[in-house]
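Asks: Quick one, what's the 3D model for this:
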Amino acid sequence: MKLQFNADLVHQARAISSIVDIFIGQTPMQSNFTVSAYTGQIGMYDSANGIGNRLELDEDEILENLQEIQLRNGLPQTKALKVGQYDFDVEMETGTGKTYVYLRTIFELHKNYGFSKFIIVVPSIAIKEGVYKSLEITNEHFKGLSLTSCDISHSISPCMKKSS
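Replies: Coordinates of the predicted model:
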């Protein structure tokens, strides 16, 4: 049995765009969705510990984007952000496709801004294994949406860690 995914569910599209739109104004970084040697490209952050995504937006730009997202979703507007502390979430009911939404959001953030490092935190081993399986079964679906041009097993390198 092969699962069918619907890319056009309105509640999922709203959740995905709500995250992606936080970064409107960010300069897109060109890269492959793989772990590769740092090439000094704009949009990546280089440190002694590795290479990560670099945020070019300041607090005012992020706040403006956030307020626009809150307005279109009928939510109270945030008045100010804590400097350097960004904690955003999308709340969805059980059975509405949260796993699909955050996996597709990863691809959309890469497509729109070139972000290539993501951390998924889960509360149990069973859910961790479920996320890994979800990456496998959504492979063809995401390729069909032109969100990735290569096989997910090669383009996403899951690094599973145990909690302390």
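Asks: How much space separates the most centrally placed residue in the chain from Ser17?
Replies: The residue lying closest to the centre of the chain (Cα atoms, centre = their mean) is Ile106, at 2.9 Å. Note on Ile106: its distance to Ser17, by Cβ to Cβ, to the nearest Å, is 14 Å. Quick note: C-beta positions are derived from backbone N, CA and C, even for glycine.
Asks: ok, now Ile125?
Replies: Distance of Ile125 to Ser17, given as Cβ to Cβ: 32 Å.
Asks: ok, now Leu3?
Replies: For Leu3, the distance to Ser17 - Cβ to Cβ - is 24 Å.
Asks: Those two: who's more crowded?
Replies: Neighbour count, other Cβ atoms under 10 Å: between Leu3 and Ser17, Ser17 has more, with 15 against 9.
Asks: ok, now how distant is Tyr102 from Val90?
Replies: Distance from Tyr102 to Val90, by Cβ to Cβ: 8 Å.
Asks: Looking at the two, which has the bigger crowd around it?
Replies: Tyr102 (18 against 15).
Asks: just checking, the more buried one touches Ile120?
Replies: Yes. Between Tyr102 and Ile120 there is a contact under Cβ atoms under 8 Å: 7.0 Å.
Asks: Now for the two: what residues contact both?
Replies: With contacts taken as Cβ atoms under 8 Å, 6 or more residues apart in numbering, Tyr102 and Ile120 have no neighbour in common.
Asks: right, and the residue nearest to the centre of the chain touches Ser116 too?
Replies: No. Distance between Ile106 and Ser116: 9.3 Å, which falls outside the contact criterion (Cβ under 8 Å).
Asks: Val101 is in what secondary structure piece?
Replies: helix 98-113 (DSSP states H and E).
Asks: Tell me which residues of that helix come out buried.
Replies: 99-111, 113 (16 or more other Cβ atoms under 10 Å).
Asks: Distance to Asp21 and pLDDT added to the residues you listed, as TSV?
Replies: Output for the buried residues of helix 98-113, formatted as TSV (distance: Cβ to Cβ, whole Å; pLDDT from 0 to 100):
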residue	distance to Asp21	pLDDT
Thr99	21	88
Tyr100	19	91
Val101	14	93
Tyr102	15	91
Leu103	18	91
Arg104	14	92
Thr105	11	93
Ile106	15	90
Phe107	15	88
Glu108	10	91
Leu109	11	91
His110	15	87
Lys111	13	86
Tyr113	11	90
